[in-house]
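Enquirer: Build me a model:
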Amino acid sequence: MVFGPLDWLVFTGYFILVLGVGFWAGRHERDTKDFFLGGRRQHWLLAGISIIATEVSALTIVGVPADAYRGDWNYLQLYAGAFVGRWLIVFLLLPAFYGGSVTTVYQYLGQRFGPRTQTTASLCFMSSRLVGSGIRLLAASLAVSEVFHWRLEIVVLGTLVLCTAYTMHGGIKAILWTDLLQASTFVIGGLAALLFLLHQTPGGWNENVQAAWNAGKLHTFTWKLGEGVPAEKLFWLLLVSSTLTNMAALGTDQDLTQRMLTCKNVRESQRSLIFNLFAGFPIVVLFLSIGTMMFLYYRGGAVPQPPADLKPDRIFPFFIAHALPFNSGLRGLLVTAILAASMSSLASAIGALSSSAVTDIYRPWFGAKASEQHHLRVARISTFLFGAALATVAFIFNLTSKALLWEALQWVGMVFGAMLGVFLLGVLTRTRGSDRLNLYIMLSSVAVLLWIRFGQFSRSPDGVARLHIPPEWRDLFFPPVLDHVVWPWWIIIGTTWTFALGACFHTKPRR
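Expert: Purely as a prediction, here's the structure:
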């Protein structure tokens, strides 16, 4: 038996509390402005905490310790770009969004260029969010499945049913207040895991730090390439790539930007993002520290040892199931922490997908004359449908054996460049960009990156086995140079491609 009575008390108590908070906070929804923006009267601190809860997904809690356990602290390099990217959002993008009083950030593109650009960007967001959030859902479900030995399908569907229930009822207000509870849960759970590891690992603090340093587990910055050093670990490349990725994730992705739009004015919105900038860093360090301490814990001879063939993203769940004491409440707390992070990200994604579908696609193209109550019903129906879609994506990605953390970072880079490029075209120029041509430019940006990725896959061992393409044809259509275009380059290429081509055309005056 994995859980004792005290573990079950923590576990079930959390779900009762989160459902109660969600249904309480989301009462009195009158229209889509309430449902999607909370009436634009939410406190900046609540919005900032919600951004953290959404950004720190189960993928972070499971994937970051796994990355530190089997590698080092190279992941922390991404935070330098996160710092720069957030400041650029504060000064470039948020004033533009509040100037247009938008419900979704893609409405700004509609105001600046026209409906085609707005719709295309919204569809790009939906595709990236479905993939990214589907992977996050899978990461959390694998963790719980590892602990309980439950069927993965039951965990995925059970988590989504809970998230979808309070999101359909209360919209963004339910999401914001449950995020506060969920952020508190995974921070407390992470601290409890780290304290347990520090107590159980032989040696004091100084000895453990020295041992981790000597083992190369605290290595963070890769300043130059060398033999055996992959290009995707290079600091300067990650700095640029992470800056653009963070601008895209928090400035052009409705999932995270929706939090900032719930604040009453642009200054409050900027405060929420600045708070997130400084509060998020210690959380990343916390989960990196857990991974490093797990390495020292198991190297010190702790039993049972993780199986040699255990997937990296199951290391932390294995630790929870086998190392934490029975009926201490710690197992219940850590599993709850993983699910809390997963639920905050999932509810946020479902709400953002619904807001974009209704505001950017359904309302302008199909329901321009419908009542506000009609749009509210459509919002709740689309919330349910996107929950089902996320479950489907999670099952599809369960077929891969790659590390989920880096898999998610790679996939979102496919469309983030197109989205960020057109947003930068809007805020950095006044007369450049064409509504009709922006559509094709954005799609061509995604097509170029898919061509690069497919070329790399065609020469990988898996690709050679699955694709029966003669080598001479493969090298003709997918030159070997594509193998050197590592994933941090993808968003750089996509952003540059979209912005440069878009700037070649003139914006027609809007009637």
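Enquirer: In the chain, where's the longest helix?
Expert: Using DSSP state H, we find that the single longest helix of the chain is helix 152-200.
Enquirer: okay but residue 431 is in contact with residue 507, surely?
Expert: Yes - proximity of residue 431 to residue 507 meets the contact threshold set by CB atoms under 8 Å, at 5.2 Å. C-beta here means a position set from N, CA and C on the backbone, and glycine is covered the same way.
Enquirer: for the chain, where's the lowest mean pLDDT among helices and strands?
Expert: Across the helices and strands of the chain, the lowest-confidence element by mean pLDDT, DSSP states H and E is helix 461-466, at a mean of 55.
Enquirer: Next secondary structure after it?
Expert: Per DSSP states H and E, helix 461-466 leads on to helix 471-477 as the next helix or strand towards the C-terminus.
Enquirer: other SSEs contacting that next one?
Expert: helix 435-459 (3 or more CB pairs under 8 Å, 6 or more residues apart in numbering; DSSP states H and E).
Enquirer: And the helix it packs on, what's buried?
Expert: 435, 437-439, 441-443, 445-446, 448-449, 452-453, 455-456, 458-459 (16 or more other CB atoms under 10 Å).
Enquirer: Return the mean pLDDT over that helix, rounded to an integer.
Expert: The average pLDDT within helix 435-459 is 86.
Enquirer: State the pLDDT value of the residue lying closest to residue 156 once chain neighbours are set aside.
Expert: Distances taken as CB to CB, 6 or more residues apart in numbering put residue 141 closest to residue 156, at 4.7 Å, once the chain neighbours are dropped. The model reports residue 141 with a pLDDT of 80.
Enquirer: Surely residue 141 forms part of a helix?
Expert: Yes - under DSSP: H, G, I helix; E, B strand; the rest coil, residue 141 sits within a helix.
Enquirer: just checking, it touches residue 160?
Expert: No - at 9.5 Å, residue 141 does not count as touching residue 160 under the criterion of CB under 8 Å.
Enquirer: of the two, who's got more company?
Expert: residue 141 (29 against 25; other CB atoms under 10 Å).
Enquirer: for that one, what are its contacts?
Expert: 152, 155, 156, 159, 342, 394 (CB atoms under 8 Å, 6 or more residues apart in numbering).
Enquirer: Surely the fourth one touches residue 342?
Expert: It refers to residue 159. Yes - applying CB under 8 Å, one finds residue 159 in contact with residue 342, separated by 6.1 Å.
Enquirer: list the residues that contact both of the two?
Expert: What both residue 159 and residue 342 touch, as defined by CB under 8 Å, 6+ apart, is the set 137, 140, 141.
Enquirer: hmm, back to that, could you check which of residue 159 and residue 342 has the larger neighbour count?
Expert: residue 342 (31 against 23).
Enquirer: what about that one, which helix or strand?
Expert: helix 330-356.
Enquirer: Now the host helix or strand of residue 396: buried residues?
Expert: Following DSSP H and E, one finds residue 396 within helix 372-397. The neighbour-count check on helix 372-397 (16+ other CB under 10 Å) flags 375-376, 378-380, 382-384, 386-387, 389-391, 393-395, 397 as buried.
Enquirer: between that helix and helix 152-200, how big is the angle?
Expert: For helix 372-397 against helix 152-200, the angle by axes from the mean of the first three to the mean of the last three CA atoms, to 10 degrees is 70 degrees.
Enquirer: Show me how far helix 372-397 is from its chain's centre.
Expert: Helix 372-397 has its C-alpha centroid displaced from the chain centroid by 18 Å (CA atoms, centre = their mean, to the nearest Å).
Enquirer: Let the chain start at 20 from now.
Expert: All right, first residue 20 from here; so that's helix 391-416.
Enquirer: and it, what does it pack onto?
Expert: helix 51-56, helix 134-167, helix 171-219, helix 349-375.
Enquirer: most packed of the ones you listed?
Expert: Across those, the average number of neighbours (mean count of other CB atoms under 10 Å) peaks for helix 349-375, which reaches a mean of 28.
Enquirer: Past it, which element shows up next along the chain?
Expert: Toward the C-terminus from helix 349-375 - assigned by DSSP H and E - lies helix 382-384.
Enquirer: Now do the same for that next one: mean pLDDT, whole number.
Expert: The model assigns helix 382-384 a mean pLDDT of 81.
Enquirer: in it, what counts as buried?
Expert: residue 382.
Enquirer: Check the secondary structure at residue 321 for me.
Expert: Secondary structure, three-state DSSP: residue 321 is coil.
Enquirer: List the contacts of the closest residue to it other than its chain neighbours.
Expert: Nearest non-adjacent residue to residue 321, counting by CB to CB, 6+ apart: residue 342, 6.6 Å away. The neighbourhood of residue 342, defined by CB under 8 Å, 6+ apart, consists of 215, 219, 316, 321.
Enquirer: Which members of these are the farthest-apart pair?
Expert: The largest separation in the contacts of residue 342, counting by CB to CB, is between 215 and 321 at 11.5 Å.
Enquirer: Check the contacts of residue 160 for the minimum pLDDT and say which it is.
Expert: Ranked by pLDDT, these bottom out at residue 361, which scores 77.
Enquirer: my read: that one touches residue 154, true?
Expert: No - counting by CB under 8 Å, residue 361 sits too far from residue 154 to count as a contact (11.1 Å).
Enquirer: ok, residue 369 to residue 520 distance?
Expert: 33 Å (CB to CB, to the nearest Å).
Enquirer: actually residue 106, not the one I typed
Expert: 27 Å.
Enquirer: One more: residue 489?
Expert: For residue 489 relative to residue 520 (CB to CB), the value is 33 Å.
Enquirer: who has more neighbours, those two?
Expert: Neighbour totals were compared for residue 489 and residue 520, and residue 520 leads with 19 against 8 (other CB under 10 Å).
Enquirer: I'd like the helices and strands packed on helix 391-416 laid out as JSON lines, including distance to residue 438.
Expert: Listed next are these as JSON lines, based on distance: least, CB to CB, whole Å:
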{"stretch": "helix 51-56", "distance to residue 438": "19"}
{"stretch": "helix 134-167", "distance to residue 438": "5"}
{"stretch": "helix 171-219", "distance to residue 438": "21"}
{"stretch": "helix 349-375", "distance to residue 438": "12"}
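Enquirer: Out of those helices, the one nearest residue 306 is which?
Expert: It is, among those and with distance given as CB to CB, helix 171-219, at 5.9 Å.
Enquirer: by how many degrees do the next helix or strand after the closest one and helix 171-219 diverge?
Expert: Using DSSP H and E, the helix or strand that follows helix 171-219 in sequence is helix 224-233. Helix 224-233 runs at 120 degrees relative to helix 171-219, counting by the same axes, to 10 degrees.
Enquirer: what helices or strands is helix 224-233 leaning on?
Expert: Helix 224-233 sits against helix 285-318, with contacts defined as 3+ CB pairs under 8 Å, 6+ apart.
Enquirer: Show me how far the helix it packs on is from its chain's centre.
Expert: So, by CA atoms, centre = their mean, the centroid of helix 285-318 is 14 Å from its chain's centroid.
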